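*Asks:* Everything below, folded, please.
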Amino acid sequence: MVLVTGASGGVGAGIARRFAAAGAAVGVAYGTGADRAEALVAELTAAGGRAVALAGDVRDPGACAALVDGCRERLGGLEHVVAAAGIQPVADLPGMSVADWRAVLDADATGTFATLQAAAPALPDGGSITLVASIEGSRPERGHAHYAAAKAATVMLARAAAVEYGTRIRVNSVSPGLVTRPGIEEQWPSGVARWRAAAPLGELITPQAVGDACVFLASPMARCISGHDLVVDAGVSAVSGWAR
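*Replies:* Alright, predicted model coming up:
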């Protein structure tokens, strides 16, 4: 059984689909997009899986605790958690307001912290938590200072949690590169072109590829991996840079 936050969004939904394909019962947690979450649950159950939709704002520690409890009650347990909830607005740093900064840090860093803190005591020995970060945690794009800072914090939170939770549960992060979504080619043609030119594999990252990384980290194959940031970026981190 796995709880995926942010599962009404593209990346979160892709993660939920890959866990369901691997045979896991999935708690589809969402803060907004109830219709998308319910549609995903219908899709997963129609394919023979088990899934439930769970509403909760991860910025609220009480809501995070309720998501964990709801998953355990409605699915019969909880073994793994993937914290994928977050936002990614664009704001140039010179004009960024404190409110802009706080909105992203609250959603992407504090929400991830609250999810981890609520979930860890509920997991059995051998369970796992995976935090969805980004390569922007170390390689920021223009207009994403708040997002990059939040994702850098997410990577370090996973490492710190791996140390503190020790032998009981494993905690890792996944850092995707530029993730494809409907309309991205038209909305940001220059960025997509730069990414494709820079990536050794020449492709954008699919939500399903992020999901594959999360499934791996939750699986017995990753039993000796904790405190690690698994980069899923089509090889971009191997080159000198793409954000020019």
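*Asks:* buried residues in stretch 199-214?
*Replies:* Across stretch 199-214, burial judged by 16 or more other Cβ atoms under 10 Å covers 199, 204, 205, 206, 207, 209, 210, 211, 212, 213, 214. All C-beta atoms are positioned from the backbone trio N, CA, C, and that covers glycine.
*Asks:* Check stretch 221-240 too.
*Replies:* Neighbour counts using 16+ other Cβ under 10 Å place 222, 226, 227, 228, 229, 230, 231, 232, 233, 234, 236, 237 of stretch 221-240 among the buried residues.
*Asks:* who's in contact with the closest residue to residue 238 other than its chain neighbours?
*Replies:* Nearest non-adjacent residue to residue 238, counting by Cβ to Cβ, 6 or more residues apart in numbering: residue 200, 6.2 Å away. Residue 200 is in contact with 234, 235, 236, 238, 239, counting by Cβ atoms under 8 Å, 6 or more residues apart in numbering.
*Asks:* okay if I get those as CSV plus distance to residue 30?
*Replies:* Listed next are the contacts of residue 200 as CSV, based on distance: Cβ to Cβ, whole Å:
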residue, distance to residue 30
234, 28
235, 32
236, 29
238, 35
239, 35
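*Asks:* report the longest helix in this structure, please.
*Replies:* Ranked by number of residues, the top helix in the chain under DSSP state H is helix 145-165.
*Asks:* centre of the chain versus that helix, how much separation?
*Replies:* 12 Å (Cα atoms, centre = their mean, to the nearest Å).
*Asks:* helices or strands next to it in the packing?
*Replies:* When contacts are defined as 3 or more Cβ pairs under 8 Å, 6 or more residues apart in numbering; DSSP states H and E, helix 145-165 sits against helix 98-104, helix 111-119, strand 128-132, strand 170-176, strand 229-232.
*Asks:* residue boundaries of the helices in this protein?
*Replies:* For the chain, applying DSSP H gives helices covering 10-21, 34-46, 61-75, 98-104, 111-119, 145-165, 184-187, 189-198, 207-218.
*Asks:* report the angle between the axes of the fifth one and strand 170-176?
*Replies:* Counting by axes from the mean of the first three to the mean of the last three Cα atoms, to 10 degrees, helix 111-119 lies at 150 degrees to strand 170-176.
*Asks:* Redo the contacts of residue 200 as a markdown table? Include distance to residue 22 and pLDDT.
*Replies:* Below are those laid out as a markdown table (distance: Cβ to Cβ, whole Å; pLDDT from 0 to 100):
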| residue | distance to residue 22 | pLDDT |
| --- | --- | --- |
| 234 | 23 | 96 |
| 235 | 25 | 95 |
| 236 | 27 | 93 |
| 238 | 28 | 91 |
| 239 | 32 | 88 |
